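**Q** Dropping a prediction and its sequence here:
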Amino acid sequence: MSKLTAVKIRNLVNVGRPVAIADGGGLTFTLAATGTASWVLRYRFGGKSREMTLGRYPDISAKKARELATEQRAKIQRGADVARDKQKTKVETASAKSFRQLAAHYMDKVFPTLAPSTVIQ
């Protein structure tokens, strides 16, 4: 299991070429052509290859990425498709924000035109 060090990671980022370097256990450090560096967990679920971004470097250190990967692998072992679950949560959060925004807009625009007794109801 090859462990990336902080120095190796900084050198990869400074070079700036797109790379994907495995750290072991499905954890991969990726650097895009745009310069965005991320930690990605690669795994198989239901016979298919899956990927889940754990976070961006330097926001997430190598140590923290390894901890997150271990947590996610445990969930995978229990039968969870962590990438699908993360996407589902993301969609639900976006929907909730949209509803909150819609409700706030409605209250700002419509409530002032209603009778006080209607607003109370």
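**A** Looks like it arrived, so ask away. Numbering: from 1, shown residues only.

**Q** What mean pLDDT does stretch 14-34 get?
**A** The average pLDDT within stretch 14-34 is 93.

**Q** Now do the end-to-end distance for it.
**A** 13 Å (CA to CA, to the nearest Å).

**Q** buried stuff in that stretch?
**A** 23, 26-31 (16 or more other CB atoms under 10 Å). (Each C-beta comes from the backbone N, C-alpha and C, glycine too.)

**Q** Among these, which one lies nearest to D85?
**A** Nearest to D85, judged by CB to CB, of the buried residues of stretch 14-34 is G26 at 16.4 Å.

**Q** That closest one and L12: what is the separation?
**A** 19 Å (CB to CB, to the nearest Å).

**Q** Please list the outside residues in contact with stretch 102-113.
**A** Contacting residues not belonging to stretch 102-113 are listed as V119 [CB atoms under 8 Å, 6 or more residues apart in numbering].

**Q** coming back round to it: restricted to helices, list the buried residues of stretch 14-34.
**A** Per DSSP state H, helices hold no members of the buried residues of stretch 14-34.

**Q** wait, which of those is closest to A94?
**A** Among these, T30 lies closest to A94 (CB to CB), at 24.3 Å.

**Q** Contact partners for V40?
**A** Applying CB under 8 Å, 6+ apart, the residues near V40 are 20, 27-30, 51-54.

**Q** quick check, it in a strand?
**A** Yes - under DSSP: H, G, I helix; E, B strand; the rest coil, V40 sits within a strand.
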